[in-house]
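In: this is a predicted model, with the sequence first.
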Amino acid sequence: MTSKTHLFKSASTRLAATYLAVVMAVSFVFSLTLYRVLSRDIERSYRQSVNVIDRFSTFGMRPDNRQRMMYEQERLDTKQDSMSRLVNELLLINLAILVFGGGLCYLLARRTLQPIEEAHDALQRFTSDASHELRTPLTTMRTEIEVALMNDKITIKEAKQLLGSNLEEVDRLTHLAERLLLLARLDETELPMTTTTLDTVLQSSIQTTQQRLELKKQILHYTPDKKQITNITADLPSLAELFVLLIDNASKYSDNGAEITLTAVQKGDCVVVQVIDKGRGIAKEDLPHIFDRFYRADSSRTVNEEHGYGLGLPLAKKIATLHGGDITVSSHAGKGSTFTVTLPVM
């Protein structure tokens, strides 16, 4: 048994014991109250039944002492039997509550701790993946520098190439750190919402991605619709970043000269934005995981020369959620992908 499993099993047991103690305390108080009420009723019924014999004298049928004692003993036996049954039934009820309540309390404790356990597992995976992603470029830089230091005849050209390569790794580390910090900020703070228009957000995103698209000679099709001037409540920088991430993702996994389509349509009290590409697509087995942090499909590692950290789509998902919306994807390997963002409008 791992230390983590032992930790949460122990915590579940302690929490279940606490729940059960509370349940049994309530059950005991209730049983005691019920016992006192019912025992008084039994006592009252006993006294009334005993007093009945004194009424016989009214009709000239006064019983003798022997008859009176037999009658009183019979009533007393009935009383004691009722009290005994009451105690036994209350004990059985409390025993049943102890047994079934114990199991129910444990299940409730496990369910209570499940989100904490999942968060703990996510944190462990996050720490492990982040450490791996940070270590990879650092190892590359260290190896290149060590090889250069062992080369006594290194030329200026080779040194510049080395520095350029190291600068690329530094840029990757900077990019990773920025994404991690943004994810941490979104996890801990609320976004400052203001009133803006969807078209303003999309135009900002297009402007940010324009240079990347031009480098790959890709074309982004987006025709502003006057109907999309509708006001929305959003944090402009983060929402614009969401669509930058989706457009960048479409560009990254599409060939040079490819076309990318951006559409926005209002449907009722929501607006639906789609980023459509005809690139490599996503394999069916990878679709359920693409919004997991640090997850990268094998095809993106082996086919695409561009490097990613698996943080873009999780970040986009987080931003959409914080805006009260959602993001979904439909894709077929080799045929492209469509990312759909649904956001509420004012």
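Out: Cool, the structure landed.
In: for the host helix or strand of Thr342, give the mean pLDDT please.
Out: For Thr342, the host element (DSSP states H and E) is strand 336-344. Predicted confidence along strand 336-344 averages 92 (mean pLDDT).
In: try stretch 34-42
Out: Averaging pLDDT residue by residue across stretch 34-42 gives 87.
In: find the helix or strand that Leu32 is a member of.
Out: Assigned by DSSP H and E, Leu32 falls within helix 3-51.
In: hmm, Val271 is touching Ala264, no?
Out: Yes. Under the criterion of Cβ atoms under 8 Å, Val271 is in contact with Ala264, at a separation of 6.2 Å. Any C-beta I mention is one placed from the backbone N, CA and C, and that applies to glycine too.
In: chain center to the strand holding Thr342, what's the gap?
Out: Strand 336-344 has its average C-alpha position 21 Å from the chain's average C-alpha position, going by Cα atoms, centre = their mean, to the nearest Å.
In: just the CA atoms of it, as PDB, please.
Out: What follows is strand 336-344, C-alpha atoms only, in PDB (Å, rounded to 0.1, in the frame of the first residue of the first chain):
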ATOM      1  CA  GLY A 336      -8.900  18.600 -39.200                       C
ATOM      2  CA  SER A 337     -10.400  19.800 -36.000                       C
ATOM      3  CA  THR A 338     -13.200  22.100 -34.900                       C
ATOM      4  CA  PHE A 339     -13.000  23.800 -31.500                       C
ATOM      5  CA  THR A 340     -16.300  25.200 -30.300                       C
ATOM      6  CA  VAL A 341     -16.500  27.800 -27.600                       C
ATOM      7  CA  THR A 342     -19.900  28.600 -26.100                       C
ATOM      8  CA  LEU A 343     -20.200  31.800 -24.000                       C
ATOM      9  CA  PRO A 344     -23.200  33.600 -22.400                       C
END
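In: give me the buried positions along that strand.
Out: Applying a neighbour-count criterion of 16 or more other Cβ atoms under 10 Å, the buried positions in strand 336-344 are Gly336, Ser337, Thr338, Phe339, Thr340, Val341, Thr342, Leu343.
In: again with stretch 70-83
Out: Of the residues in stretch 70-83, those scored as buried under the neighbour-count criterion (16+ other Cβ under 10 Å) are Tyr71, Arg75, Lys79, Ser82, Met83.
In: secondary structure and pLDDT for the residues you listed - can I get that in JSON lines?
Out: Rendered in JSON lines, the data for the buried residues of stretch 70-83 read as follows (DSSP: H, G, I helix; E, B strand; the rest coil; pLDDT from 0 to 100):
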{"residue": "Tyr71", "secondary structure": "helix", "pLDDT": "71"}
{"residue": "Arg75", "secondary structure": "helix", "pLDDT": "77"}
{"residue": "Lys79", "secondary structure": "helix", "pLDDT": "81"}
{"residue": "Ser82", "secondary structure": "helix", "pLDDT": "85"}
{"residue": "Met83", "secondary structure": "helix", "pLDDT": "87"}
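In: reformat the residues you listed as TSV; add distance to Thr139.
Out: Supplementary listing: those in TSV, determined by distance: Cβ to Cβ, whole Å:
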residue	distance to Thr139
Tyr71	99
Arg75	93
Lys79	86
Ser82	82
Met83	80
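In: who touches stretch 212-229?
Out: Counting by Cβ atoms under 8 Å, 6 or more residues apart in numbering, the neighbours of stretch 212-229 from elsewhere in the structure are 197-199, 202-203, 206, 209, 247-248, 251, 254, 256-266, 271.
In: hmm, which of those residues are the buried ones?
Out: Among the contacts of stretch 212-229, the ones that count as buried by 16+ other Cβ under 10 Å are 197-199, 202, 206, 209, 247-248, 251, 254, 258, 260-264, 271.
In: looking at the residues you listed, which are in helices?
Out: Helix and strand membership here follows DSSP state H; of these, those in helices are Leu198, Asp199, Leu202, Ile206, Thr209, Ile247, Asp248, Ser251.
In: please tell me how far the first one sits from Phe8.
Out: Distance, Leu198 to Phe8, by Cβ to Cβ, to the nearest Å: 44 Å.
In: for the stretch 51-200 of the chain, which segments count as helices?
Out: Counting by DSSP state H, counting those that start in this stretch, the stretch 51-200 of the chain forms helices over residues 65-150, 156-188, 198-215, given from the N-terminal end onward.
In: quick check: angle from the first one to helix 156-188?
Out: When axes from the mean of the first three to the mean of the last three Cα atoms, to 10 degrees is applied, the directions of helix 65-150 and helix 156-188 differ by 160 degrees.
In: what packs against helix 65-150?
Out: The helices and strands touching helix 65-150, judged by 3 or more Cβ pairs under 8 Å, 6 or more residues apart in numbering; DSSP states H and E, are helix 3-51, helix 156-188.
In: so what secondary structure elements neighbour the longest one?
Out: Helix 3-51 sits against helix 65-150, with contacts defined as 3+ Cβ pairs under 8 Å, 6+ apart.
In: orientation of the helix it packs on relative to helix 3-51 in degrees?
Out: Helix 65-150 and helix 3-51 meet at an angle of 170 degrees, taking the same axes, to 10 degrees as the criterion.
In: if I pick Glu285, what's in contact with it?
Out: When contacts are counted by Cβ under 8 Å, 6+ apart, Glu285 touches no other residue.
In: which residues touch stretch 256-271?
Out: 198-199, 202, 206, 213, 216-222, 225, 227-228, 230, 232, 243, 247, 250-251, 254, 272-279, 325, 342-345.
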